[in-house]
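K.L.:
Sequence and predicted structure below; questions after.
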Amino acid sequence: MVTQIISTMETQVSNGPTSNSSLPNGPLISANGATDDSKTNLIVNYLPQNMTQEEFKSLFGSIGEIESCKLVRDKITGQSLGYGFVNYVDSNDADKAINTLNGLKLQTKTIKVSYARPSSASIRDANLYVSGLPKTMSQKEMEQLFSQYGRIITSRILVDQVTGVSRGVGFIRFDKRIEAEEAIKGLNGQKPLGASEPITVKFANNPSQKTGQALLTHLYQTTARRYTGPLHHQTQRFSPLSLISRFSPITIDSMTSLAGVNLTGASSAGWCIFVYNLSPEADESVLWQLFGPFGAVTNVKVIRDFTTNKCKGFGFVTMTNYDEAAMAIASLNGYRLGDRILQVSFKTSEEFVKTKHGAI
DNA sequence: TTGAATT
């Protein structure tokens, strides 16, 4: 079973705004009266399957005011298709969203945030399936092979999860369908330079719903990740247990919370988590970064000083599921962020009082 | 040997 798990590599491609107006703000109006969304409208790819419209809006709304946003769903089943659109009021916020949220790890996914191309029939069905690739061919080399036929939006080579070796299968998405057609004509049945076998190039099928096996695979990955936490944390984590006696009574509170003694973090909206010892420069994106990998996060908030707008050293994160919240707390409490040791617990009534009175 | 990229 394990050998059937696959992973992918992908280049992060910025589509780039298609308008070159130098005006940074406000809705742009073109000659025909239509609004120009090219600098405010973003496409977001590789969203976790279980992310809701509300979580999607919460994540991107933490950057700035949203004109509209939409998580794209299957018309029949209502299942998320794993991508969505966010149109900001201000193009500066769109730019900021790309800079701060592109590459964000959410559960098993690494999201991609880029400018949306103008919707057009000419960009649809431009995805190619390539098989028979030499196992030694890199993603970059595959792109070089195909780039003579047009602008590549994404490329991907499937690899064996365990060995990391290429499976000789990949995808190339072109900007335009006609480019994809030309690539098929030029490359299908051809041997790449130095290859012993010809490659097959054809239009890709639509991604299918997960089969039972794929669901098992997903479950395996989700479970494995839960117990290891975010990958980028592993090399620098402190053991939370070693910190209990050396770092403040709030850590003890988190232990009683975890044991189910004092679960005031619960509410209809989910499980509210208290995060203490953030730096004055902390922002919402760091909370998404920290907690997103553990499961569904519905809201994050950095508490700021009213006059300086600097973080007052703490914030809150709301997570939907208890087990994911508990795992996040167990993993992130005692985590070193920069030169600070975070204290993470379910929000308690005590902290609620302190917060209300501004005593922290 | 098939991935959620155009509302």
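P.N.:
Here it is on my side, so go on. Note that the structure is predicted; figures quoted are calculated from it, not measured.
K.L.:
Is the host helix or strand of residue A:153 in proximity to DNA strand B?
P.N.:
Using DSSP states H and E, residue A:153 sits within strand A:152-160. Yes - counting by Cβ under 7 Å from any atom of the strand, DNA strand B has neighbours in strand A:152-160: A:153-154, A:156, A:158. Any C-beta I mention is one placed from the backbone N, CA and C, and that applies to glycine too.
K.L.:
May I ask which of those has the most neighbours?
P.N.:
Neighbour tally across the residues of strand A:152-160 next to DNA strand B (other Cβ atoms under 10 Å): the maximum, 19 neighbours, falls on residue A:153.
K.L.:
who touches the residue nearest the centre of chain A in this structure?
P.N.:
The centroid of chain A falls nearest to residue A:111 when counting by Cα atoms, centre = their mean (2.7 Å). The contact partners of residue A:111, taken as Cβ atoms under 8 Å, 6 or more residues apart in numbering, are A:44-47, A:101-105.
K.L.:
mind checking how far it is from residue A:203?
P.N.:
According to Cβ to Cβ, to the nearest Å, residue A:111 and residue A:203 sit 26 Å apart.
K.L.:
related to what we said a few turns ago, what pairs with the strand holding residue A:153, parallel or antiparallel?
P.N.:
Strand A:152-160 has the following sheet partners, assigned by DSSP bridges: strand A:6-10 (antiparallel), strand A:166-174 (antiparallel).
K.L.:
Quick check, residue A:83 in contact with residue A:70.
P.N.:
No - shown here, residue A:83 and residue A:70 do not form a contact pair, counting by Cβ atoms under 8 Å, at 9.8 Å.
K.L.:
ranking the strands paired with strand A:152-160 by mean pLDDT, which is last?
P.N.:
Lowest mean pLDDT within the strands paired with strand A:152-160: strand A:6-10, at a mean of 38.
K.L.:
ok, for residue A:183, nearest residue in space, not its chain neighbours?
P.N.:
Closest residue in space to residue A:183, ignoring its immediate chain neighbours: residue A:149 at 4.0 Å, by Cβ to Cβ, 6 or more residues apart in numbering.
K.L.:
Now do the one you found: how many residues are near it, please.
P.N.:
Residue A:149 has 21 neighbours, counted by other Cβ under 10 Å.
K.L.:
Phi and psi next, for it.
P.N.:
Per-residue torsions, residue A:149: phi -100, psi -10 (degrees, to the nearest 10).
K.L.:
and it, what pLDDT?
P.N.:
Here the pLDDT value assigned to residue A:149 is 98.
K.L.:
residue contacts, it?
P.N.:
Taking Cβ under 8 Å, 6+ apart as the test, what residue A:149 contacts is A:174, A:179-180, A:182-183, A:186-187.
K.L.:
Try it again at 6 Å.
P.N.:
By Cβ atoms under 6 Å, 6 or more residues apart in numbering, the residues touching residue A:149 are A:179, A:182-183.
K.L.:
The residues you listed, buried ones only, as a PyMOL selection?
P.N.:
Filtering those down to the buried ones (16 or more other Cβ atoms under 10 Å) takes a single PyMOL command:
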select buried, chain A and resi 179+183
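K.L.:
Output the helix or strand hosting residue A:144 as CSV, nothing but the C-alphas.
P.N.:
Assigned by DSSP H and E, residue A:144 falls within helix A:139-146. C-alpha atoms of helix A:139-146 as CSV (Å, rounded to 0.1, in the frame of the first residue of the first chain):
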residue,chain,number,x,y,z
GLN,A,139,10.7,18.8,-13.9
LYS,A,140,12.8,21.6,-15.2
GLU,A,141,14.0,19.5,-18.1
MET,A,142,10.4,18.5,-18.9
GLU,A,143,9.5,22.2,-18.9
GLN,A,144,12.4,23.0,-21.2
LEU,A,145,11.1,20.3,-23.6
PHE,A,146,7.6,21.7,-23.7
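K.L.:
Thanks a lot, catch you later.
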